[in-house]
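K.L.:
Here is a sequence with its predicted model. Questions after.
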Amino acid sequence: MPRTTIKLGVVMDPIGHIKAAKDTTLAMLLAAQARGWALYYMEQADLYLRDGIARARTRQLSVTDAANGWYSFGGQFDLELGALDVILMRKDPPFDMEYIYSTYLLERAEHAGALVINRPQALRDANEKAFTAWFPQCCPPTLMTHDMQRIRQFLAEHKKIVLKPLEGMGGTLVFVISLGDPNFSVILETLTERGTRLAIAQKFVPEISEGDKRILIIDGEPVPFALARVPAPGESRGNLAAGGTGVGIPLTERDLWICSQVVPTLQAKGLVFVGLDVIGDYLTEINVTSPTCARELDALYGLNIGEQFMAAIASKLSERRRP
């Protein structure tokens, strides 16, 4: 008997609030719909657990590639999540306890048979700032600590550093600090909450002026072009949310080497759609929750990254069905 239509669920922030022209999750949904797959929409609060079974209030979803009216809802269903073929976890940070609780529910859905991307356990394990510690050969000098004095010594050693929290996105609470900065003490006290919270310090990489490169990796294969997010004048952060400008560039030999170092671990952990942040020659972050920039790269190079991702999912589903 032929199999019925693939059922794809997506957990995301409210779809009515996205920027449709730039939203990577929408690109994924458009590609899945183009394949004839059925879409089921969920927000974090829709997930629940009953007697060990992961369930959710879901709404059938249709999407269009339009500046306005890019989505519509159909019927509403209370479903066992294990009845879905695949679930995309695309909720944006903050990576807080509510996010972690959601991964517990999605792990039960995974146990019941759904393919969850990215894998719930891997989402918990791979903090986007701290996960770079697995690949020190790719990274600038980096310190993660509660200890304010250690950070002071790190600044004295490197003269100029970037200081940031372990959570957040879009460049929130990311500071560039030079030796002698009169605001250093208050920044240090704020980020570490006077030594009670971990913070990350990295040696400043001056090539940020050329852009913070986002490299997308789909099931172990890097997209051959990166989006270099160039800081706005007077700004030290390249994040698009902080006013950066996206410029497309081909991957360099160094970029490909960094990918080769990271990919085996990504595949072992079940991290299928990942965004590496590279400044100059250095890996600075590994984005696993809801990596973006697919639509910008599609527009620049005539790609269809959403379809590439769906093809990878289809391959994984096919492998599962083999006797």
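P.N.:
Received it, and whenever you're ready, just let me know what you need.

K.L.:
Identify the bridge partners of Leu216.
P.N.:
Counting by DSSP bridges, Leu216 forms beta bridges with Gly275.

K.L.:
how close does it get to Ser178?
P.N.:
32 Å (C-beta to C-beta, to the nearest Å). To be clear about C-beta, it is placed using only N, CA and C from the backbone, and glycine gets the same treatment.

K.L.:
Which one's more surrounded, the two?
P.N.:
A side-by-side neighbour count of Leu216 and Ser178, using other C-beta atoms under 10 Å, places Leu216 first with 26 against 11.

K.L.:
Wait, the more buried one touches Val272, no?
P.N.:
No: with contact defined as C-beta atoms under 8 Å, Leu216 does not reach Val272; the gap is 11.2 Å.

K.L.:
in the stretch 101-250 of the chain, which spans are helices?
P.N.:
120-125, 148-158, 184-192 (DSSP state H, counting those that start in this stretch).

K.L.:
Which among those is found nearest to Val263?
P.N.:
Nearest of the helices of the stretch 101-250 of the chain to Val263, taken as C-beta to C-beta: helix 120-125 at 13.8 Å.

K.L.:
which helices and strands does the closest one pack with?
P.N.:
For helix 120-125, the packing partners by 3 or more C-beta pairs under 8 Å, 6 or more residues apart in numbering; DSSP states H and E come out as helix 97-111, helix 253-269.

K.L.:
returning to what we had before: deepest-packed of the helices of the stretch 101-250 of the chain, please.
P.N.:
Most buried of these by mean neighbour count (mean count of other C-beta atoms under 10 Å) is helix 120-125; its value is a mean of 19.

K.L.:
what distance separates that helix from the centre of its chain?
P.N.:
Distance of helix 120-125 from its chain centroid, counting by C-alpha atoms, centre = their mean, to the nearest Å, is 12 Å.

K.L.:
now what about that helix, what contacts it?
P.N.:
89, 99-100, 103-104, 106-107, 110, 131, 269-271, 288-289 (C-beta atoms under 8 Å, 6 or more residues apart in numbering).

K.L.:
Of these, which is the nearest to Leu47?
P.N.:
Nearest to Leu47 among the contacts of helix 120-125, with distances taken as C-beta to C-beta, is Leu106, at 7.5 Å.
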